[in-house]
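> Sequence and computational prediction follow.
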Amino acid sequence: IDPRTGRVPGAIEGESMVLLERTGGDARSQKMDAFPKDRWSGSEHLWWPGAKPGDKLVLQLPVKEDGRYELFAVLTRARDYGIVQLELDGKTLGPPLDLFNSPDVITTGVVSLGSHDLQQGTHRLGVRLEGANPAAVPSHMFGLDYLYLAARQPDTANTADPN
């Protein structure tokens, strides 16, 4: 987080992403200044309370130019947050993420969601609520601080000349 701006340079802030779909709950910006154990880019995040297991949130992920990118995310963890499955354009991104933490409200830190070949334009980041940790207060909340697309070189491992 840049100390001058309070934001991660080049990040796609969760609270400023366009909401495309929501099957339950309410999605809005939440200020995070009341939680001193960690820091959030811009001191806020996209907050999705009121959802139930099986509900889905879909956000617009803009990509400025064609390329291979590693997608990173910083999410919020707390005692009343759920287990979520993230998706990119309908494809599962790794295993479900358990966002339970007690007693403090903190971030996940930077989490890699893998490398992807993306076309310029808009993509869909899906968040499906799977359930809750057995130790969690079952409120099934979700918070997205930011996403970050880091340009990567194309995978050339299988392009060697066979001759």
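Great, that's in hand. Numbering: from 1, shown residues only.

> what about the nearest residue to residue 136 once chain neighbours are set aside, distance to residue 124?
The spatial neighbour of residue 136 that comes closest, neighbours along the chain excluded (Cβ to Cβ, 6 or more residues apart in numbering), is residue 100 at 4.4 Å. The C-beta positions use only the backbone N, C-alpha and C, and glycine is treated the same way. Counting by Cβ to Cβ, to the nearest Å, the separation of residue 100 from residue 124 is 26 Å.

> Residue 54 too?
18 Å.

> same thing with residue 85?
Distance from residue 85 to residue 124, by Cβ to Cβ: 14 Å.

> How about residue 48?
The value you get for residue 48 to residue 124, if Cβ to Cβ is used, is 16 Å.

> Of these two, which one has the most company?
residue 48 (28 against 15; other Cβ atoms under 10 Å).

> wait, that one sits on residue 99?
No: counting by Cβ atoms under 8 Å, residue 48 does not reach residue 99; the two are 10.9 Å apart.

> Spit out the residues that contact these two alike.
141-143 (Cβ atoms under 8 Å, 6 or more residues apart in numbering).

> and which of these is nearest residue 119?
Ranked by distance to residue 119 (Cβ to Cβ), the shared contacts of residue 48 and residue 99 are led by residue 142 at 26.9 Å.

> what about the closest one, how many residues close to it?
26.

> Let me see the residues that make contact with the helix or strand containing residue 84.
According to DSSP states H and E, residue 84 maps onto strand 83-88. If you take Cβ under 8 Å, 6+ apart as the criterion, strand 83-88 is touched by 61, 71, 73, 92-94, 96-100, 113, 116, 123-133, 142.

> Strands of the protein, start to end?
Taking DSSP state E, the strands of the chain run over residues 12-13, 19-22, 28-31, 44-48, 56-63, 67-77, 83-88, 91-92, 97-98, 106-107, 111-118, 121-131, 142-152.

> okay, the ones you listed, which one's buried deepest?
strand 44-48 (a mean of 23; mean count of other Cβ atoms under 10 Å).

> Show me how far that one is from its chain's centre.
In terms of Cα atoms, centre = their mean, to the nearest Å, the centre of strand 44-48 is found 10 Å from the chain centre.
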